[in-house]
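J.: Here's my sequence, what's the structure:
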Amino acid sequence: MLNIVILAAGLGKRMQSNLPKVLHTIAGRPMLSHVLDGARALNADGIIVVVGHGAEQVREAYASQADLQFALQQPQLGTGHAVMQAAAMLKENQHEDVTIVLYGDVPLVQPDTLRALLAARQDGLAVLTEILPDPTGYGRIVRDASGNVCAIVEHKDATAAQRAITEINTGIIAAPTAALKRWLTQLTNTNSQGEYYLTDIIGMAVADGLTVAVAHPGASFETLGVNSRMQQAELERLWQAEQARRQLEAGVTLADPSRFDLRGTLECGRDVFIDVGCVFEGTVRLADGVRIGPHCVVRDAVIGQGTRVEAFSHIFQAEVGCDAHIGPFARLRPGAKLADRVHVGNFVEIKNTPMGEDSKANHLAYIGDADIGARVNIGAGTITCNYDGVNKFRTVIEDDAFIGSDTQLVAPVRVGRGATLGAGTTLSKDAPPDQLTISRVRQTTVQGWKRPVKKS
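T.: Presented below is the predicted three-dimensional model:
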């Protein structure tokens, strides 16, 4: 049985924020959410989050996640004290039970690293360690003459010889649950910080004759913690570089990997090209041959094969078919569903509207709450007047209709198949199929009229 305890009680004073530190984001998601992803990837039997500062905010943020339990650490008296608060919640039913301790402000530990930690543990205890050129501030891994781990000494309590050790403790451990509970009751705070160190259980495990094994992270960013805005920004760029690397290895072309941001998941087909400054959020799928121009934002969207999205376009909760052409400066809002070969041009906004094959809205239009057929041409300046201040109504434009420039369609209204609306029409009644419908004031010329001049 696997328990995972996540320590998330810290104040985060250096963040200079009213938001609890673990709710600050990396790649658009709270740091704690990243840690929970890793925990869930291991199919843990119990996940306990130890909260303290901002406890109610953290509980509220994860109130809908039924697999979590919360323990309160108040006051905060060290890492050992934090795990003590979770001890009563740890599940055990046999001697193979194990507990992993993670940290809510160390967000990017990968599941494979945690699996390696569990594998290294065997029947004893395992510690995730790392070799650092400059280990200042970290607890040191102390080994005996045979090379076996015998203790972890915090930097402030270390001797000069111990400070020369470059193998450091990341704080992440995997321990037998029953033994961990026993060791927690034996912790004391007789140290320079006056705190209960979780690392003291290493010596207790050695005294009990258990082997203390070590495992190492797959990448250095995995064990980096966040204690300040600067560290948050640095870790953000490291993680974005890692995500760019993964996309490149999967065959995606990135114009500049250092100017790529992924804040969710991105699934790409073959021969996808992504230009500079693009941001992907939520769940995005790009099919074969998609090209995304510079500085686009795409969130929770599906884009079909061969489609081209030009610069500065925003696509949110929308679907685009194959061989379509979007932008530049286009905005697809939730519910936009564009079929194959649709063209949506500059300064066109589409919301809650399916748009049929080969239809076009190339300039300066707003199409909302509409049903657009195939091969429809929507002229510049066209808007669907779908909202009366209280309720929204739908506009239907059937196949092969031609909507002239500067047309207003006052919903609910229907444009019949093959109908043409003359430029400048305000349509408040249905337009019949295959006919020209015009609504204009008759043009007149005022004889003798002169333009006013400025008085001196």
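
J.: In the protein, where's the longest helix?
T.: helix 229-249 (DSSP state H).

J.: could you point out which element follows that helix?
T.: Downstream of helix 229-249, the next assigned helix or strand under DSSP states H and E is strand 253-254.

J.: domain parsing for this structure?
T.: Using automatic domain parsing, the domains assigned to the chain come out as 2-223, 252-437.

J.: least reliable of the ones you listed going by mean pLDDT?
T.: Per-segment mean pLDDT for those reaches its minimum on domain 2-223, at a mean of 94.

J.: which residues does N377 contact?
T.: Going by CB atoms under 8 Å, 6 or more residues apart in numbering, N377 touches 359-360, 401-403. (Glycine included, C-beta is placed from N, CA and C.)

J.: Enumerate every residue touching the residue nearest to I378 when sequence neighbours are not counted.
T.: Closest residue to I378 apart from its sequence neighbours, by CB to CB, 6 or more residues apart in numbering: A361 at 3.9 Å. Residues in contact with A361, defined by CB under 8 Å, 6+ apart, are 343-345, 348, 350, 355, 367, 378, 382.

J.: Figure out the helix or strand that A361 lives in.
T.: Remark: A361 resides in strand 360-368, with elements defined by DSSP H and E.

J.: in that strand, what's buried?
T.: Of all the residues in strand 360-368, those buried under the rule 16 or more other CB atoms under 10 Å are 360-362, 364-368.

J.: Now distance to M230 too, for those, in JSON lines please.
T.: Formatted as JSON lines, these follow (distance: CB to CB, whole Å):
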{"residue": "K360", "distance to M230": "48"}
{"residue": "A361", "distance to M230": "45"}
{"residue": "N362", "distance to M230": "46"}
{"residue": "L364", "distance to M230": "43"}
{"residue": "A365", "distance to M230": "45"}
{"residue": "Y366", "distance to M230": "43"}
{"residue": "I367", "distance to M230": "45"}
{"residue": "G368", "distance to M230": "43"}
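
J.: Tell me the one of the residues you listed nearest A205?
T.: Among the buried residues of strand 360-368, G368 lies closest to A205 (CB to CB), at 64.3 Å.

J.: Tally up the residues packed near the closest residue to the closest one other than its chain neighbours, please.
T.: Excluding its sequence neighbours, the residue lying closest to G368 (CB to CB, 6+ apart) is K351, at 4.3 Å. Neighbourhood size, K351 [other CB atoms under 10 Å]: 20.

J.: Buried residues in the helix or strand that the strand holding A361 is followed by, which are they?
T.: Note on strand 360-368: by DSSP H and E, the next helix or strand toward the C-terminus is strand 370-372. Buried residues in strand 370-372, counted by 16+ other CB under 10 Å: 370, 372.

J.: now the strand holding A361: how far from the chain's centre is it?
T.: In terms of CA atoms, centre = their mean, to the nearest Å, the centre of strand 360-368 is found 30 Å from the chain centre.

J.: what does stretch 359-368 give?
T.: 30 Å.

J.: Export it to PDB, keeping only CA atoms.
T.: Provided in PDB are the C-alpha atoms of stretch 359-368 (Å, rounded to 0.1, in the frame of the first residue of the first chain):
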ATOM      1  CA  SER A 359     -17.300  29.300 -46.200                       C
ATOM      2  CA  LYS A 360     -15.400  32.600 -45.700                       C
ATOM      3  CA  ALA A 361     -15.400  35.600 -43.400                       C
ATOM      4  CA  ASN A 362     -12.300  37.400 -44.500                       C
ATOM      5  CA  HIS A 363     -12.500  40.800 -42.900                       C
ATOM      6  CA  LEU A 364     -13.800  42.700 -39.900                       C
ATOM      7  CA  ALA A 365     -16.900  40.600 -38.900                       C
ATOM      8  CA  TYR A 366     -18.600  39.300 -35.700                       C
ATOM      9  CA  ILE A 367     -20.400  36.000 -36.100                       C
ATOM     10  CA  GLY A 368     -22.000  34.800 -32.900                       C
END
